[in-house]
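S.K.: Fold the following and give me the result.
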Amino acid sequence: MESQVTNNANALRIFFTEDVFLVEDKSLEIAPDFALNAVSSKSDAPIDGVTEVLSVAEINQKNYNKPGEILKDDVSEGEISLVTEETVVPKSFKFLGGNKKSVLILVNDSDNEVSTLEGRELLRKIVKAIDLSAPDFALVNYANYQEVNFIELHQFFKPQLMLSFGVEPQHLKLDLAWSEEMIHHETTRIIFAPNLHPLDGDIAAKKSLWANLQKIK
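M.R.: Alright, predicted model coming up:
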């Protein structure tokens, strides 16, 4: 008996007269062995719809680092930028005296180290009137530090009392209004007055200063 199996195209057309369509069945699962064989093609070009599958042995051979670590081989030289905190250098000041009693005296004279002869004599009388000597206070010529504010001065000298001659609140970036009365700002008592040389000839300003000085004795 002749075989009923044929692959002759003309003969097959007699039995299959209708169009045949190929439809993808996504519900069909491909066996793992078949997927591995599909990936292992001779061509190195990527296969559409197929993701490369690594064997357990291949995964173990990779040099994976611990969490939080960076392998040298993973990043080329120069790609790692170190993040460092900006170091803030405290201001330093040249001053006269010892500051043993935390008293800061500011003057503002661009021509003299402290003031004129008359201004220095007036300052000598002022510190004597409140029982201070050179080791007790720190004397700073603000003309040498015109961009410095009160915060920077306070961080360095920590004054409990500040006598400011010729240096006004706005110079020190203080939102304060001077009304001829001693100001209590945070932990510092502050007295503002004209610069020493003009103060020596200003009777009204000297009376106001003496009245405030009496409050700190």
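S.K.: Show me what counts as buried in stretch 122-137.
M.R.: 122, 123, 126, 127, 130, 132, 136, 137 (16 or more other C-beta atoms under 10 Å). In short, each C-beta sits where N, CA and C put it, glycine included.
S.K.: Of the residues you listed, which belong to helices?
M.R.: Residues of these located in helices (DSSP state H): 122, 123, 126, 127.
S.K.: in the sheet, who's paired with the residue lying closest to the last one once chain neighbours are set aside?
M.R.: Computed as C-beta to C-beta, 6 or more residues apart in numbering, the closest residue to residue 127 that is not its neighbour in sequence is residue 137, at 6.7 Å. As for beta bridges, residue 137 partners with residue 103 under DSSP bridges.
S.K.: quick one: which of the buried residues of stretch 122-137 is nearest to residue 213?
M.R.: Among those, residue 130 lies closest to residue 213 (C-beta to C-beta), at 5.6 Å.
S.K.: my guess is the closest one meets residue 212, correct?
M.R.: No: with contact defined as C-beta atoms under 8 Å, residue 130 does not count as touching residue 212 (10.2 Å).
S.K.: thought residue 105 was touching residue 136?
M.R.: No: at 10.1 Å, residue 105 does not count as touching residue 136 under the criterion of C-beta under 8 Å.
S.K.: Go through the ones in helices among the buried residues of stretch 122-137 and name the one nearest residue 184.
M.R.: Lowest distance from residue 184 to these (C-beta to C-beta) belongs to residue 126, with 20.0 Å.
S.K.: and that closest one, what pLDDT?
M.R.: In the predicted model, residue 126 carries a pLDDT score of 96.
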